[in-house]
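Participant: Sequence and predicted model, in that order:
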Amino acid sequence: MQIIKDSKIDFMNNSRFTILLSGALILAGIFSLIINNGPKLSIDFKGGTLIAVQYTKPININDLRFQLKNVNINGQSFDFSTSEIKHFGDNTSVAVRIANLENEPEKFSQNFIDILKDIYPDALPEDKDDFILSIDKVSPKVGSELSGKAIMAIIYAITLILIYISFRFEFTYAIGAIAAIAHDVIITLGVFSILGYEISLSIIAAFLTIVGYSLNDTIVIFDRIRENMKSLKRESVVSIVNKSINESLSRTIVTSLTTLFVVLTLYFFGGEVIHYFSFALIVGVLIGTYSSIFVASLIVVYMQPKT
């Protein structure tokens with residue numbers, strides 16, 4: 001099915017708009033990362049304890065924060081009011097993320113859960129086992145190791161992509177593909193930083209998915225460019241690239257919309273666990289489609305030898 005037939009859009013001559021838009025998005029993301037001292041890392045990377053509980057009544061986060069200002073556990077006094085406290089799914093569920101404590105009391109998680117129970121005793125479920133939704137604990141050493149492995153996973157993926165596209169097409173195409181991938185990941189990371197969303201292992205998985213999705217679209221367009229380069233030797237590089245993108249445009253739009261419908265469904269109906277994962281994919285699909293058409297192809301045009 002072709003949504004757009006016989007399109008003759010001049011993509012390459014709108015390169016100034018592409019550069020301004022991409023530059024603005026990247027700079028906004030980098031600026032946010034700088035003022036926030038980098039991305040907001042989850043306990044997967046920083047280490048700490050994340051406890052999520054379920055009450056039977058709506059909970060006021062500000063009131064709960066006040067109640068946790070001066071807490072005594074095994075004779076030690078703690079102030080958890082500065083910890084990250086937020087609703088988990090709906091307003092009856094609460095998640096508290098606590099950084100690693102230097103002198104953590106024994107059975108800290110269970111003691112903290114007991115404190116949460118004591119704060120709102122009238123809002124506890126009949127079955128006490130339903131109160132605890134999840135308990136996650138990661139040590140600083142494990143978090144550091146996970147950070148290193150996540151970075152290496154992205155580096156390995158980009159290196160293999162560079163080698164594959166250089167072999168499959170040309171090195172100039174590989175540079176265009178890597179630039180588009182970096183463009184997509186940086187912008188998505190910037191969006192997360194601007195919105196204050198955490199980067200967890202699932203988000204790293206989303207970034208790698210974005211890399212694969214963006215690369216798939218880019219390779220389809222590159223393949224068409226290569227074919228037209230052989231058959232339309234008398235035409236200019238800009239003309240050939242425009243023609244190739246227009247020939248692939250219907251397929252690109254259909255693929256993107258189909259994928260977008262799926263991730264939107266996950267975002268709205270998939271629950272809190274995959275909420276941010278699906279959000280990353282939504283941003284990635286939109287930015288990835290844009291970069292495949294405008295960014296990767298534009299770089300290929302600029303890197304072609306001038307005749």
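Facilitator: Arrived safely.

Participant: which one's the longest helix in the chain?
Facilitator: Using DSSP state H to define each element, the chain has its longest helix at helix 237-269.

Participant: Quick check: buried residues in that helix?
Facilitator: By neighbour count on 16 or more other C-beta atoms under 10 Å, the buried set for helix 237-269 is 237-238, 240-249, 251-252, 255-256, 259, 263, 266-267. The way it works is simple: take the backbone N, C-alpha and C, and place the C-beta from them, glycine included.

Participant: need the strands for the chain, in chain order.
Facilitator: Assigned by DSSP state E, the strands in the chain fall at 40-41, 48-54, 71-73, 76-78, 84-88, 90-98, 132-138, 198-199.

Participant: Got the phi and psi for residue 70?
Facilitator: Here is the backbone geometry of residue 70 (degrees, to the nearest 10): phi -130, psi 100.

Participant: before we move on, the earlier item: which elements pack onto the longest helix of the chain?
Facilitator: Judged by 3 or more C-beta pairs under 8 Å, 6 or more residues apart in numbering; DSSP states H and E, helix 237-269 is in contact with helix 201-231, helix 275-290, helix 296-303.

Participant: which residues touch the second one?
Facilitator: This means helix 275-290. Outside helix 275-290, the residues that touch it by C-beta atoms under 8 Å, 6 or more residues apart in numbering are 180, 183-184, 187-188, 191-192, 197-198, 200, 202-203, 205-207, 209-210, 213-214, 217, 252-253, 256, 259-260, 263-264, 266-267, 270.

Participant: I'd like the average pLDDT over it.
Facilitator: For helix 275-290, mean pLDDT rounds to 92.

Participant: Only C-alpha atoms, please: export that helix in PDB.
Facilitator: Presented in PDB, the C-alpha positions along helix 275-290 are these (Å, rounded to 0.1, in the frame of the first residue of the first chain):
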ATOM      1  CA  HIS A 275       5.800   3.300  30.900                       C
ATOM      2  CA  TYR A 276       9.200   5.000  30.400                       C
ATOM      3  CA  PHE A 277      10.500   2.300  28.200                       C
ATOM      4  CA  SER A 278       7.600   2.800  25.800                       C
ATOM      5  CA  PHE A 279       8.000   6.600  26.100                       C
ATOM      6  CA  ALA A 280      11.600   6.300  25.000                       C
ATOM      7  CA  LEU A 281      10.500   4.200  22.000                       C
ATOM      8  CA  ILE A 282       7.900   6.800  21.000                       C
ATOM      9  CA  VAL A 283      10.500   9.500  20.900                       C
ATOM     10  CA  GLY A 284      12.900   7.200  19.200                       C
ATOM     11  CA  VAL A 285      10.500   6.200  16.400                       C
ATOM     12  CA  LEU A 286       9.600   9.800  15.700                       C
ATOM     13  CA  ILE A 287      13.200  11.100  15.800                       C
ATOM     14  CA  GLY A 288      14.500   7.900  14.000                       C
ATOM     15  CA  THR A 289      12.200   8.400  11.100                       C
ATOM     16  CA  TYR A 290      13.200  12.000  10.800                       C
END
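
Participant: mind listing what's buried in it?
Facilitator: 275-285, 287-290.

Participant: just the first one next, same as before
Facilitator: Along helix 201-231, these residues count as buried under the neighbour rule (16+ other C-beta under 10 Å): 202-204, 206-207, 209-211, 213-215, 217-222, 224-226, 228-229.

Participant: hang on, the earlier thing: let me have the strands of the chain in JSON lines, extended by mean neighbour count.
Facilitator: Listed next are the strands of the chain as JSON lines, based on neighbours: other C-beta atoms under 10 Å:
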{"stretch": "strand 40-41", "mean neighbour count": "17"}
{"stretch": "strand 48-54", "mean neighbour count": "21"}
{"stretch": "strand 71-73", "mean neighbour count": "15"}
{"stretch": "strand 76-78", "mean neighbour count": "13"}
{"stretch": "strand 84-88", "mean neighbour count": "16"}
{"stretch": "strand 90-98", "mean neighbour count": "17"}
{"stretch": "strand 132-138", "mean neighbour count": "15"}
{"stretch": "strand 198-199", "mean neighbour count": "20"}
